[in-house]
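Asker: The sequence isn't on hand, but the structure is:
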């Protein structure tokens, strides 16, 4: 419980420093709001500071369960626990189309084929230097402009390189909405799913109802965690299950864009990530021209899948431009 006689301003600073999902818990530690307000006034706190504090505390007390962002944070915490043996049982009486929210990828052909963009746990896979990070950065920018809260776990570039890549995508100047809604996290060694949850909780704002977390890449996350030294595939499955389960439990309001490598056969290196994802987008380098790639939707559980054709990968602008008669919807 907060101390009995601090200044109102100190309470406000503490409250605003707490992750959004924990503020209701903090507010509810005060059992008697009337006596608490009276003690602040008697201690000489300015009336405007007392009023502001009491207004915020009452808001968080009353909205403990109702706010969608808190509900999503609870789902996020649940996603790293061992799944229960319970199952959902329904009688099939009507056809129900997938209502999972889509996040735009910045590549029109992809968004057209998937009925709006990535959703649930979407994997973007490709061989080395094919443009996976370029794709992920473009999708992150477009998603933030579309109202998503985006947390980008950057494990492939150093911090300054990542910022420069985002600036290239944005034409040299980061739009205010992107700056406000996109958080760049550069993990250090021993980074685990619980650390990712902490960074997400810190970034989420009150009322956020669509959250996108980007793993760039899941392979590098495993390397950073240190767990892959003994059991690479086991460590990879921990990150995979975290993303897949969070997306499922939240019905796509917690979405994930997972960057993964492919093997020599063009299959996803992800411990069955290819089969557990909602959608898999593959990027393959042209064997003769490094500036050209082929894009295809390998799998999509609620839309068509197939080849999208050849694209020019513009590194300077962080974009993909279709250059033949691929899928246009």
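Answerer: Here it is on my side, so go on. Source: prediction; values computed, not measured. Numbers count the residues shown, from 1 in each chain.

Asker: any low-confidence regions in this structure?
Answerer: Low-confidence segments of the chain (pLDDT under 70): 1-6, 19-21, 63-68, 70, 81-98, 227-229, 270-271, 324-329.

Asker: can you map out the helices along it?
Answerer: Along the chain, the segments classed as helices by DSSP state H run 8-17, 23-27, 33-42, 47-62, 68-78, 108-113, 132-145, 159-169, 176-181, 193-203, 218-225, 228-249, 273-276.

Asker: highest average neighbour count across those?
Answerer: A comparison of the helices of the chain by mean neighbour count, using mean count of other CB atoms under 10 Å, puts helix 132-145 on top with a mean of 24. All C-beta spots, glycine's among them, are computed from the backbone N, C-alpha and C.

Asker: now residue 30: how far from residue 303?
Answerer: As for residue 30, its distance to residue 303 is 49 Å (criterion: CB to CB, to the nearest Å).

Asker: Would you convert the helices of the chain into a markdown table that also reports distance to residue 257?
Answerer: As requested, the helices of the chain are arranged in a markdown table below (distance: least, CB to CB, whole Å):
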| stretch | distance to residue 257 |
| --- | --- |
| helix 8-17 | 29 |
| helix 23-27 | 28 |
| helix 33-42 | 42 |
| helix 47-62 | 31 |
| helix 68-78 | 16 |
| helix 108-113 | 12 |
| helix 132-145 | 6 |
| helix 159-169 | 15 |
| helix 176-181 | 15 |
| helix 193-203 | 13 |
| helix 218-225 | 10 |
| helix 228-249 | 9 |
| helix 273-276 | 12 |
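
Asker: wait, which of these is closest to residue 297?
Answerer: Nearest to residue 297, of all those, is helix 108-113, at 5.3 Å by CB to CB.

Asker: Can you tell me what sits against the closest one?
Answerer: Residues from elsewhere that reach helix 108-113 (CB atoms under 8 Å, 6 or more residues apart in numbering): 102, 104-105, 117-118, 281, 295, 297, 300, 303-306, 308-309, 311, 322, 326-329.

Asker: What of stretch 46-63?
Answerer: Stretch 46-63 is contacted by residues 7-9, 11-12, 15, 23-24, 26-28, 30, 33, 37, 40-41, 70 when judged by CB under 8 Å, 6+ apart.

Asker: quick revisit: from the contacts of helix 108-113, which ones fall inside strands?
Answerer: Among the contacts of helix 108-113, the residues falling in strands (DSSP state E) are 281, 295, 297, 300, 306, 308-309, 311, 322.

Asker: center of this structure - which residue?
Answerer: Of all residues in the chain, the one closest to the mean position by CA atoms, centre = their mean is residue 213, 1.5 Å from it.
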